[in-house]
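*Asks:* output the structure for:
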Amino acid sequence: MAVTAPRRALVLRALGLGDLLTAVPALRALRRGMPGARITLAAPPALAPLALATGAVDDVLPADSGLGPLPPAGPVGAAVNLHGRGPQSHRLLAALHPARLLAFAHTGALHTDGPDWDPGEHEVARWCRLVRAYGFDADPDDLDLAPPPIASPAPGAVVVHPGAAFPARRWPAERFATVAAALRAGGERVVVTGGPGEAALAHEVVELAGLDASDDLSGRTHLPQLAALVAGARLVVCGDTGVAHLATAFRTPSVLLFGPTPPARWGPPDRAEHRVLWAGRSGDPHGGEPHPGLLEISADQAVEAAGKALTPHV
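*Replies:* Okay, the predicted model is just below:
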C-alpha cells in the first residue's frame, strides 16, 4: 500500500557516486508517488549537483557513509532507507521520529513491515523492489540523465579512468596504458581522469602510454566537469567505479572491467553501447590487491572491446 504523501520525505543514501546513480530509478519513483512532498536526500554534499539533476530530489542534506547523526532536518513524514539493510541506517532514520519508515525488514532495528533483503540482487533492482513494496512504481531502466549544461573539458575524447575505491577492483596501470596507447595510435584523443588521491596513478598511465601532459585531467575535474566529460566522450574505459555508472547515465559507449564484484550485481543494463569484461570469478571487493579474476582480463581483450565499441552500428 502506498504511503500517504507527506509534506517532507527524507531519503538516506550516504554513499558514493555509483551508489547515487544506481538509486535514481527508486528516487524517481518516490518523486512520482509523492508529487507534493519536499524530498530531501541525505548524501555527501559533493554529489548534490548530480542528485539535483535527477529531478527526483529538492535538496541535499550533508551526510557521509560513517552514518553519524544527521543535521536537523525538520519534521519528516516519510523516512526512506536507500542506504543499506540496517540496523544502523534504520536507527539513524528512526531517530528523526518520522511518521513512517520505508526500509527492508530488520528485526534488530524493530522494523518488520518491509521486504526481505536479497544479498545477490542487482543494486538497481534492489531499491526498485523496496519502493515497489510500499506502492511506488519504479522502472529499473529509468537511469538516464540529461547532459550537464556546461562544456566538456575534452569533447569527443576517449576517457580512461584507472582508479577504483579499493585495490581489489583496480586493473594494473600498465594495462590501462596499453589500451590508451593503442587508442591514441588509432587516431583517438585519449584523456586520463582520477579523483582525490589518484593523481599518481593517472600520471603513471599518461607516462606509460606516451600521452601529452595536457591529457592528464586528474584533479582537474570536479563532479560537474567529470559528468560533462563523460557525457561528451566517444568512449569510457574503466573498472567497476562511479565513472562506469556515469557512462550508463549518459548512454556513453564504455568498456568496463569487472572483478571481483560480478556485473550481475553492479553492471550496466544490457545495452549495445556497454561492453563488459568479466572473468567469472567473484571475491572480496574491498581487498588490498587486484583480484585474480580481474587480472585474467588482458589488455588485448580491452583493446579489442574498445575497437568494437567505437565502430558505428549499422
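*Asks:* how close does Gly288 get to Phe166?
*Replies:* Note on Gly288: its distance to Phe166, by Cβ to Cβ, to the nearest Å, is 8 Å. Glycine gets a C-beta too; all of them are placed from N, C-alpha and C.
*Asks:* neighbour count winner among these two?
*Replies:* Phe166 (16 against 8; other Cβ atoms under 10 Å).
*Asks:* would you confirm that that one contacts His286?
*Replies:* Yes: contact criterion Cβ atoms under 8 Å: Phe166 and His286 qualify, at 5.0 Å.
*Asks:* count of neighbours near Glu273?
*Replies:* Glu273 has 16 nearby residues by other Cβ under 10 Å.
*Asks:* skipping adjacent residues, who's closest to it in space?
*Replies:* The shortest distance from Glu273 to any non-neighbouring residue, by Cβ to Cβ, 6 or more residues apart in numbering, is to Pro253 (4.4 Å).
*Asks:* kindly report the same for Ala26.
*Replies:* In space, Ala26 is closest to Trp127, 3.8 Å off (Cβ to Cβ, 6+ apart).
*Asks:* which parts of the helix or strand that contains the one you found are buried?
*Replies:* Following DSSP states H and E, the helix or strand that holds Trp127 is helix 123-133. Going by neighbour count (16 or more other Cβ atoms under 10 Å), the buried part of helix 123-133 is Glu123, Val124, Ala125, Arg126, Trp127, Cys128, Arg129, Leu130, Val131, Ala133.
*Asks:* so what pLDDT did the last one get?
*Replies:* In the prediction, the pLDDT value recorded for Ala133 is 97.
*Asks:* what sits against it?
*Replies:* Taking Cβ atoms under 8 Å, 6 or more residues apart in numbering, we find Ala133 in contact with Gly114, Pro115.
*Asks:* if we go to 10 Å?
*Replies:* Met1, Leu102, Ala103, Phe104, Ala105, Asp113, Gly114, Pro115, Asp116 (Cβ atoms under 10 Å, 6 or more residues apart in numbering).
*Asks:* my guess is the fourth one contacts His111. True?
*Replies:* Yes: distance between Phe104 and His111: 8.0 Å, which falls inside the contact criterion (Cβ atoms under 10 Å).
*Asks:* between the two, what contacts are shared?
*Replies:* Asn81, Gly86, His90.
*Asks:* give me the domain ranges for the chain.
*Replies:* 8-133, 158-310 (automatic domain parsing).
*Asks:* what is the burial count for the residue nearest to Glu273?
*Replies:* Pro253 has 22 nearby residues by other Cβ under 10 Å.
*Asks:* in this protein, which spans are helices?
*Replies:* 17-22, 24-33, 48-53, 88-94, 123-133, 173-185, 199-209, 223-231, 242-249, 263-266, 292-295, 299-310 (DSSP state H).
*Asks:* and these: which comes nearest Gly66?
*Replies:* Gly66 sits nearest to helix 88-94 of all the helices of the chain, at 10.0 Å, using Cβ to Cβ.
*Asks:* cool, thanks, talk later.
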